[in-house]
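Chemist: this one's structure only:
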């Protein structure tokens, strides 16, 4: 009768699992990309931008995008992949006017047969119309800043710093842009 020792099989399996785990951890960098905590201030016509303005860092290289929303005092914190911080690199800065002035539906967002309630369709249509043709005048961000191909704003993390400050005018910019 031939007998086998189950221990060598268990040790081999454990060793294989540990090796696989190490390869996965080393390959992923033990937590993902290196992020730097980056905050900022957005001023429009010398005053804090409206609460809810979206600040989007669009990568110009091999990094991930980051975004945040302006608070009542004109400041913002950036997140990348739902985690606080921004990867080092060069970015185009996209600014999207706040849609907080558009009333949200009162119904709960519960899809019925895969479709959201009708008032959510109407809300989304109103947001799209607003962003396609934003208001013009003091305090409003010109539409050119909402287009990644037209925005004159750039920022390099960390070369330009970890505290971004953007000062723009509500009148459309023809070329260049003020970033301090």
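Modeler: Noted; the coordinates are in hand. Quick caveat, the model's predicted, so the values are computed rather than measured.
Chemist: pull the longest strand from the protein.
Modeler: When the chain is scanned for its longest strand (criterion: DSSP state E), the result is strand 89-96.
Chemist: immediately after the helix or strand of the chain with the lowest mean pLDDT, which helix or strand?
Modeler: Scoring the helices and strands of the chain by mean pLDDT, DSSP states H and E places helix 6-28 at the bottom, with a mean of 42. Remark: after helix 6-28, the chain's next helix or strand is strand 39-44, criterion DSSP states H and E.
Chemist: Which strands or helices does that following strand pack on?
Modeler: Applying 3 or more C-beta pairs under 8 Å, 6 or more residues apart in numbering; DSSP states H and E, one finds that strand 39-44 makes contact with strand 75-77, strand 163-168. C-beta here means a position set from N, CA and C on the backbone, and glycine is covered the same way.
Chemist: Flag the shaky bits of the chain, pLDDT-wise.
Modeler: Scanning the chain for pLDDT under 70 picks out 1-32, 111, 172-180.
Chemist: same thing but 90
Modeler: 1-33, 101, 103-124, 137, 171-180 (pLDDT under 90).
Chemist: residue contacts, the most centrally placed residue in the chain?
Modeler: Central residue of the chain (C-alpha atoms, centre = their mean): residue 67, 2.4 Å from the mean position. Residues in contact with residue 67, defined by C-beta atoms under 8 Å, 6 or more residues apart in numbering, are 54-57, 78-79.
Chemist: try 6 Å
Modeler: residue 56 (C-beta atoms under 6 Å, 6 or more residues apart in numbering).
Chemist: if I've got this straight, it is in a helix?
Modeler: No - using DSSP: H, G, I helix; E, B strand; the rest coil, the secondary structure at residue 67 is strand, not a helix.
Chemist: Distance of it relative to residue 46?
Modeler: 24 Å (C-beta to C-beta, to the nearest Å).
Chemist: same question, residue 100
Modeler: Distance from residue 100 to residue 46, by C-beta to C-beta: 21 Å.
Chemist: before we move on, what about residue 71?
Modeler: Distance check for residue 71 against residue 46: by C-beta to C-beta, it reads 18 Å.
Chemist: Of those two, which one has the most company?
Modeler: residue 71 (14 against 8; other C-beta atoms under 10 Å).
Chemist: Where does the more buried one sit, in terms of helix or strand?
Modeler: Per DSSP H and E: nothing holds residue 71, as it lies in no helix or strand.
Chemist: How about it, nearest residue that isn't a chain neighbour?
Modeler: residue 51 (6.0 Å; C-beta to C-beta, 6 or more residues apart in numbering).
Chemist: same question, residue 91
Modeler: Spatial nearest neighbour of residue 91, excluding adjacent residues (C-beta to C-beta, 6+ apart): residue 57 at 4.0 Å.
Chemist: do residue 164 as well
Modeler: The shortest distance from residue 164 to any non-neighbouring residue, by C-beta to C-beta, 6+ apart, is to residue 40 (3.5 Å).
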